[in-house]
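**Student:** Turn this into a structure:
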Amino acid sequence: MSKTKPNIIVPILSSSYEATSSLDDSPFINDIIDHKKRFKNLVLQVINDTAIFSHNVDSLFLNGELFTLVLNNKKFVFEEIKVDNLSDYVDVYLMGIKKTADTYSVIDNGTNIIINFNQAITYDPIEIVSSDFIIKGKIVSR
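**Tutor:** Take a look at the predicted model:
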């Protein structure tokens, strides 16, 4: 009396192939490899979509106690759903400390990204240089 082989159905296979107990069936192996490749590409796409890039400030202007930061020749990488406020796409760090989004506004003028602070963010603004700021966000070169 011989054992019967079970008919195993693998849900990731396309409907054109049926699962067999033999791994010598080349379409079966190619189908698994294709699914692994598609899954790997999906994971890489998700990682790229969530990538946050760090940028140094290209220009720094001081008007009294208020700073204006400029990222030259940069643009936002928007998701399918845009938010109302561009400051939601940006995190500003001064000497490693993240500034809250209510302290600045962000403008994309078509060529540059401009960040204007609406309140004093340091005790001695004269001592601050552009390299003290790091801008993180979904920002890339134009």
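**Student:** What's the first helix or strand after the least confident helix or strand in the chain by mean pLDDT?
**Tutor:** Among the helices and strands of the chain, helix 26-49 carries the lowest confidence by mean pLDDT, DSSP states H and E, at a mean of 71. Later in the chain than helix 26-49, the nearest helix or strand by DSSP states H and E is strand 53-56.
**Student:** counting contacts, what elements does that next one pack onto?
**Tutor:** strand 133-137, strand 139-141 (3 or more C-beta pairs under 8 Å, 6 or more residues apart in numbering; DSSP states H and E). Glycine gets a C-beta too; all of them are placed from N, C-alpha and C.
**Student:** Tabulate those (CSV), appending mean pLDDT, distance to Ile47 and mean neighbour count.
**Tutor:** Below are the helices and strands packed on strand 53-56 laid out as CSV (pLDDT from 0 to 100; distance: least, C-beta to C-beta, whole Å; neighbours: other C-beta atoms under 10 Å):
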stretch, mean pLDDT, distance to Ile47, mean neighbour count
strand 133-137, 93, 16, 19
strand 139-141, 87, 15, 14
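**Student:** As TSV, the ones you listed with distance to Gly110 would be great.
**Tutor:** Shown next, in TSV, are those (distance: least, C-beta to C-beta, whole Å):
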stretch	distance to Gly110
strand 133-137	17
strand 139-141	14
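**Student:** any idea how this structure splits into domains?
**Tutor:** 8-50, 53-141 (automatic domain parsing).
**Student:** Packed most tightly, which of those would that be?
**Tutor:** domain 53-141 (a mean of 14; mean count of other C-beta atoms under 10 Å).
**Student:** measure that domain end to end?
**Tutor:** 11 Å (C-alpha to C-alpha, to the nearest Å).
**Student:** Over to stretch 58-78?
**Tutor:** End-to-end for stretch 58-78, by C-alpha to C-alpha: 22 Å.
**Student:** Equivalent analysis for stretch 119-134, please.
**Tutor:** 18 Å.
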